[in-house]
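task: produce atomic coordinates for the following.
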Amino acid sequence: MRIGLLKESDSESRVAFLPEVVASLIKRKVSVLVETGAGESALASDAAYEEAGASIAQRSEVIKQADFLIGIQAPDDKLVASLSQEKIWLSQYNPLWNIELVKSFQSKGLTTFSMDAIPRSTRGQAMDVLSSQATVAGYKAVLEAALKLPSFFPMFMTAAGTIRPATVLVLGAGVAGLQAIAIARKLGAQVQAFDVRSAVKEEVMSLGAKFIEVEGAQEDSAAGGYAVEQSEDFKQKQQQAINEHAAKANVVICTAQIPGRKAPLLLPKEAVAKMKPGSVIIDLAASTGGNCELSKDNETVVEYGVSIIGQSNYPSQMPIDASKMFGKNILNFLELLFNEEGEFSLNFDDAIVKGTCITHQGEIVNERVRSIIQP
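Numbers count the residues shown, from 1 in each chain. Next comes the predicted model:
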């Protein structure tokens, strides 16, 4: 079996795996073909991949010769059209959102895997790209907020007087939110966090933040640790609480998302209008509609004196460590697909393999994706 590593588009600085992963794959008797310049933006040269045991080729040759193609982002229409039926595709392509792409894979009879469909389980943690990349996003979000904020994060006691610490409000206490809390606290800010899942309260408080509680939240153990859609009555209570805390905050970090759905609206423009001039909002959910009504993906806008930064791909701004983490996740997953002789083996009795496989032989394998496309 030959794995092909493709170069991402100009807007993506990461690479799906670094040379260190190549060495591990070679040991498992899997050959690796790398597109010229695939790792350059992550500071991994073609020579480094060759030293690890990979071969370097132009994009067309990688697509033609490799049996198993790997990337980070979803493939464009041109790439999908070039894939023959026997090819296997793996990336992070958000199948619950990119329905037309899934249909294209299905119609071509391709076997495809999406790393963001890894089941949330103890065993799946080592392969969970959403968690590893969210760690980067939460870290970078706070650093950018600190740079954009026209005041200090920590408290200072000086001869010129006392500077009060900034107040940071984090919406959503998943991996990105918890990382944002930790970094904001390290920078000396006072931090408050909101999440509909009561189970995260202890984690939030252990990081030194105040947990904002709103009674009446619905929780679903089958949601894999994600938040679920809430009742209208709860949404009204939630909105009032968030509005009150946002008005007092200097920074709001938005991280709340629901897989397969538009991001929940948590900061309407009326709430932004009541925030302090000079405040900063970082919206990590901008690519799926945003938690802030005024967010625009990949743009910074200023409304009511508040800077609103819509940024859904902070990991691309830290390509070395983000690629290292992503690649380790992929390697751990590939170990489920290849035996010791380097032969591909698709075992649907393995819950992780079956959950991550989206299409195979003209069928939609993932049950959740199938329920959306074929209700």
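
quick one, helices of the stretch 1-150 of the chain?
Here the stretch 1-150 of the chain has its helices, by DSSP state H, counting those that start in this stretch, at 19-27, 46-52, 59-65, 77-82, 99-108, 129-148.

in the first one, what's buried?
Spelled out, it's helix 19-27. Of the residues in helix 19-27, those buried under the neighbour-count criterion (16 or more other C-beta atoms under 10 Å) are 19, 21, 22, 24, 25. Heads up, the C-betas are built off the backbone N, CA and C, glycines and all.

what is the nearest of these to residue 264?
residue 21 (35.6 Å; C-beta to C-beta).

can you redo the buried residues of helix 19-27 as a markdown table with distance to residue 160 and pLDDT?
Output for the buried residues of helix 19-27, formatted as a markdown table (distance: C-beta to C-beta, whole Å; pLDDT from 0 to 100):
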| residue | distance to residue 160 | pLDDT |
| --- | --- | --- |
| 19 | 52 | 98 |
| 21 | 52 | 97 |
| 22 | 56 | 97 |
| 24 | 56 | 95 |
| 25 | 59 | 96 |
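
average model confidence for stretch 145-158?
The average pLDDT for stretch 145-158 rounds to 95.

which parts of it are buried?
145, 146, 148, 149, 152, 153.

number of residues surrounding residue 367?
By other C-beta atoms under 10 Å, 9 other residues sit near residue 367.

report pLDDT for it.
pLDDT, read off for residue 367, is 92.

what about the helices in the stretch 201-350 of the chain?
201-206, 232-248, 269-273, 319-334.

what angle sits between the last one and helix 19-27?
Read it as helix 319-334. 20 degrees (axes from the mean of the first three to the mean of the last three C-alpha atoms, to 10 degrees).

tabulate the buried residues of stretch 145-158 (TSV), appending distance to residue 370.
Shown next, in TSV, are the buried residues of stretch 145-158 (distance: C-beta to C-beta, whole Å):
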residue	distance to residue 370
145	40
146	44
148	43
149	45
152	51
153	46
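
among those residues, which one lies nearest to residue 276?
residue 149 (10.4 Å).

not counting sequence-adjacent ones, nearest residue to that closest one?
residue 280 (5.2 Å; C-beta to C-beta, 6 or more residues apart in numbering).

let me see the contact set for the one you found.
145, 148, 149, 250, 251, 252, 306, 307, 309 (C-beta atoms under 8 Å, 6 or more residues apart in numbering).

repeat that for residue 16.
Neighbours of residue 16 in contact, by C-beta under 8 Å, 6+ apart: 5, 6, 8, 70, 71, 72, 91, 323, 326, 327, 330.

how many residues are close by residue 238?
Neighbours of residue 238 (other C-beta under 10 Å): 21.

and the residue of the chain positioned farthest from its centre, how far from residue 134?
The centre of the chain is farthest from one residue, residue 159, which by C-alpha atoms, centre = their mean lies 44.1 Å away. Note on residue 159: its distance to residue 134, by C-beta to C-beta, to the nearest Å, is 42 Å.

cool, and residue 19?
25 Å.

next one, pLDDT for residue 260 please.
At residue 260, the pLDDT recorded in the model is 75.

okay but it is in contact with residue 373, surely?
No - shown here, residue 260 and residue 373 do not form a contact pair, counting by C-beta atoms under 8 Å, at 11.1 Å.

domains of this protein?
The chain breaks down by automatic domain parsing into domains covering 2-127+320-373, 131-312.
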